[in-house]
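Undergrad: Next come a sequence and a model predicted from it.
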Amino acid sequence: MEYLIIFLTGIISTTLGTVAGGGGLISLPTMLLMGMPIHSAIGANKVSNTVSSFSSFYHLLRQRKITWKDCYWIIPISVLGGVSGGFIANALSSRSLYIIAIVLLLFALLTSMIGKRNFTGGNVLKPTKISIPGLYGIGIYDGLFGPGQGTLMFYLFAFLKVDYLKAVGYVRLATFSSCIGAAAMYISSGKILWGLTLTLLCGSVIGAQIGIRLAEKIKPRYMKPILRIVTLAIIVQVVLENIF
């Protein structure tokens, strides 16, 4: 039953994460509620996101919805951010990281509720004084914790006036890149529970393919209310069961 729950969690969280960002707000608390250590749960997310993110990015690349020359430079910046965040996370104790995780979950939830994304303008993504530090900073956040990274990335690309479908592809490439660095840190630390991690990975790959096809047909605002309600419910449950 535990593996089935993890598998379904991978499908649901990655589907939502691909369409509107914030999938980790579902997968990470779910794994914590099931008793996975905080480092192992975050590491599982990083490993599974590495594969699932690239699969959805490759789909858009193959369909020529995005071009490689517009986004190749995202990789080194996001990898560096992910490594930086993963290094910081492994330097913290489980208790400290758990407290930080709760704070960041609440921060990510609040972030998803403010502002208004308007993916219009058709701008080509370029390395600028806004895009480079923005990508690096979000990469650190992804390596340190992760949930809400996609949502923050969508805000960045919306601010840069990138069309929605292109933004989806760029978010998935940035997630793939930052997760490579972070996953390497967690694997080297020996904190990965491989059985559960591979189960999450399988579900996430399926969810990525579902999500990328939905992204071609629907608008992300239809997913936001559902994501917020589920996220808030899980945060409350995590706090009640593990803090008090």
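TA: Yep, it's here.
Undergrad: So which residues of the chain form helices?
TA: Counting by DSSP state H, one finds helices in the chain at the ranges 2-20, 24-33, 38-62, 68-71, 74-90, 94-113, 131-144, 149-159, 164-188, 194-215, 224-242.
Undergrad: Which residues belonging to the third one are considered buried?
TA: This points to helix 38-62. For helix 38-62, burial by neighbour count (16 or more other Cβ atoms under 10 Å) applies to 38-61. All C-beta atoms are positioned from the backbone trio N, CA, C, and that covers glycine.
Undergrad: Could you do stretch 72-86 as well?
TA: Neighbour-count burial for stretch 72-86, counted by 16+ other Cβ under 10 Å, picks out 74, 75, 77, 78, 79, 80, 81, 82, 83, 84, 85, 86.
Undergrad: Next, give me the two most distant ones among the residues you listed.
TA: Largest separation among the buried residues of stretch 72-86 by Cβ to Cβ: 74 and 86, giving 17.8 Å.
Undergrad: residues near the closest residue to residue 149 other than its chain neighbours, how many?
TA: Counting by Cβ to Cβ, 6 or more residues apart in numbering, the nearest residue to residue 149 once its immediate chain neighbours are dropped is residue 142, at 4.1 Å. Using other Cβ atoms under 10 Å, residue 142 has 31 other residues around it.
Undergrad: Tell me who's in contact with residue 142.
TA: 78, 81, 82, 85, 149, 175, 178, 179, 182 (Cβ atoms under 8 Å, 6 or more residues apart in numbering).
Undergrad: Those residues: which two are farthest apart?
TA: 85 and 175 (12.6 Å).
Undergrad: sorry, back to before: and of the contacts of residue 142, the nearest to residue 18?
TA: Comparing these against residue 18 with Cβ to Cβ places residue 175 closest, at 9.4 Å.
Undergrad: Compute the distance between the nearest residue to that closest one once chain neighbours are set aside and residue 3, please.
TA: Excluding the flanking residues, the one nearest residue 175 by Cβ to Cβ, 6+ apart is residue 53, at 4.2 Å. Distance, residue 53 to residue 3, using Cβ to Cβ, to the nearest Å: 22 Å.
Undergrad: likewise residue 79?
TA: 30 Å.
Undergrad: likewise residue 208?
TA: From residue 208 to residue 3 the distance is 19 Å (Cβ to Cβ).
Undergrad: which of those two has more neighbours?
TA: Using other Cβ under 10 Å as the criterion, residue 208 and residue 3 rank with residue 208 on top: 29 against 14.
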